[in-house]
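*Asks:* predicted structure and sequence below. I'll ask about it afterward.
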Amino acid sequence: TRKALPWAEAGHEVAWEQFEIPRKGRGSRRKSGGRKGARPAIEVDQDDRRARVRVGDLEMIVHKWQGSVASLLWRGEEILASAPQLNTWRGPTDNDSFHAIPGPDPAPLAQWIAWGLDDLELATAECSIRRQGDGSLRIRSLQIAQAKCDEDAEGHQIRHLQAWTVTPEGWIALNNEIRV
């Protein structure tokens, strides 16, 4: 923090491993094909199991069978530690298993574990890569997280739709939609 706050002294580190990905300014874009303002084409090499997407200094590897972007390279350097993946579990607190205060029985933690929410199985339902009318590329993956429980299996599913959009300029937008 820049200044002292009730919960931290000035200079307290709030986060780490944050960095800005360097990019060229508007005036220094690479031109392709000799036309003024022409945008580079997005190159896609794919088969039924994987795809390689390249535009400018950006390269992505998509594992379609896993429904994940497995690698993200900027100027030849890997910037993705691992594929983004749905994780809904949080470490339980004392309140989740505390019985001294009147509340639900069983306590939330016991119910979560009984439903299998601490050990969801993630399965890829579909993964597609399609060019869009504006020249961008859409990578869409639907994964279903299934709780390991005996009761109402469909009622204990979480659907996770991940949509990556890659623009001809090399910008990436990631949208996550989660349905419980």
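*Replies:* Arrived safely, thanks for sending.
*Asks:* alpha carbons only for contacts and neighbour counts from here, please
*Replies:* Fine.
*Asks:* quick one: secondary structure of the residue nearest the centre of the chain?
*Replies:* Centroid check for the chain by Cα atoms, centre = their mean gives residue 84 as the closest residue, at 3.8 Å. What DSSP: H, G, I helix; E, B strand; the rest coil gives for residue 84 is coil.
*Asks:* pLDDT score assigned to it?
*Replies:* Looking at residue 84, its pLDDT reads 87.
*Asks:* again with residue 31
*Replies:* pLDDT, read off for residue 31, is 42.
*Asks:* and what of residue 98?
*Replies:* 68.
*Asks:* next one: residue 53
*Replies:* At residue 53, the pLDDT recorded in the model is 97.
*Asks:* so how many other residues sit close to it?
*Replies:* 19 (other Cα atoms under 10 Å).
*Asks:* who is it paired with across the strands?
*Replies:* Beta bridges link residue 53 to residue 44, residue 60, judged by DSSP bridges.
*Asks:* quick one: contacts for it?
*Replies:* By Cα atoms under 8 Å, 6 or more residues apart in numbering, residue 53 lies in contact with 42, 43, 44, 45, 59, 60, 61, 62.
*Asks:* thought the third one was touching residue 59?
*Replies:* The reference is to residue 44. No. The criterion here is Cα atoms under 8 Å, and residue 44 misses it with residue 59 at 9.9 Å.
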